[in-house]
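Colleague: below is the sequence, then the predicted model.
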Amino acid sequence: MSLPKKVKLVDVGPRDGLQNEAQPVSTAAKIELIHRLQDAGLQYVQATAFVSPKWVPQMADNMQVMAGIQRKPGVSYPVLVPNRKGLDAAIAAGCKEIVVFGAATEAFSKKNTNCTIAEGVARFSEVCAEALAQGIKVRGDMSVCLGCPYEGEVSPEAVARLAREFDQIGCQEITICDTIGTGTAGQTRAAIEAVAKYIAIDRLAIHMHDTYGQAIANIYAALECGITIFDSSVAGLGGCPYAKGATGNVATEDVLYLLDGLGIETGVDMKKLIAAGEFICGVLGRPTSSRAGKAIATKMAA
């Protein structure tokens, strides 16, 4: 089976990676991280979220972050928005790409967004319409596609239903997310195949967490299915507050090591990426969660 020759890496570290950190991270550190990631060659860096500071205090400086970024030609800075108020703020900040979100299970939807799946899609319908009218790109992230902390296994058909609804409200890219990191390569393939019956494969993205150590295997399975868009987080930052025991996103360094080994083009420089990871881990006061990053850094130091 042939693999893609080139893929799009989306580093979600500055947003998904940092949003659940208990200790405050300075605006300057967030901006520096974004600059380091783009200098490493990443063309897609999820910069922040326009959410209520009451619920996500780490993202309260969203306007300052967007204002402080030295925007690089050819680089996109997508932001998460939960509603029309968030979209209006994102537009005011000059954002050109947004991410909306929903869940593949009713229980997770109610716990995460306090509404049903249908209510969430209806809420985002207006957001998507206005964003598209303003020339803003829209992505739809689908949570708990490979396992739910409340409902357990999730059927591929449930994932496909939500994908079709996101497609109908205008999402140009649709992400299959393993929010709690329980998915396997077989489940990944089944979810992709179910969604790909309705959505073109080049519009699908994958977002993996590594709780059970399966993220890299799942990404390889996705590559075999023809997926060319992958989320990851520098140094493996992140987690999920609604899923006990869920560890961080798969590390960008580990994904890059896989892709480099397969001869797949990304445009990302591993040494600069590792340096970006070391920077933010220094700010947080803990070691990287990236196995490849740690191993290569140790080898370089020796």
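Modeller: Received, thanks. Numbers count the residues shown, from 1 in each chain.
Colleague: lowest-confidence helix or strand of this structure?
Modeller: Every helix and strand in the chain was compared by mean pLDDT, DSSP states H and E; the lowest is helix 106-113, with a mean of 94.
Colleague: what's the burial count for Val79?
Modeller: The burial count assigned to Val79 is 27, neighbours taken as other Cβ atoms under 10 Å. From N, CA and C alone the C-beta is placed, and that goes for glycine too.
Colleague: give me the nearest residue to Arg36, chain neighbours excluded.
Modeller: Spatial nearest neighbour of Arg36, excluding adjacent residues (Cβ to Cβ, 6 or more residues apart in numbering): Ala276 at 3.7 Å.
Colleague: what's the closest non-adjacent residue to Ser125?
Modeller: Nearest in space to Ser125, with sequence neighbours left out and distances taken as Cβ to Cβ, 6+ apart, is Ile169 at 4.5 Å.
Colleague: for the host helix or strand of the residue nearest to Arg36, packing partners?
Modeller: Taking DSSP states H and E as the criterion, the element that holds Ala276 is helix 270-284. Other elements packing on helix 270-284 under the criterion 3 or more Cβ pairs under 8 Å, 6 or more residues apart in numbering; DSSP states H and E are helix 27-39, helix 252-261, helix 291-301.
Colleague: just send those back as CSV, with mean pLDDT too.
Modeller: Compiled in CSV, these are given as follows (pLDDT from 0 to 100):
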stretch, mean pLDDT
helix 27-39, 98
helix 252-261, 98
helix 291-301, 96
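Colleague: re earlier: in this structure the residue nearest to Arg36 contacts Leu37, no?
Modeller: Yes: applying Cβ atoms under 8 Å, one finds Ala276 in contact with Leu37, separated by 5.4 Å.
Colleague: now do the shared contacts for the two.
Modeller: A shared contact of Ala276 and Leu37, defined by Cβ atoms under 8 Å, 6 or more residues apart in numbering, is any residue touching both; here these are Val234.
Colleague: what about His198, how many residues nearby?
Modeller: To be clear, residue 198 is Tyr; His isn't right here. Counted with other Cβ under 10 Å, the neighbours of Tyr198 add up to 12.
Colleague: any idea of the pLDDT on it?
Modeller: On pLDDT, Tyr198 comes in at 98.
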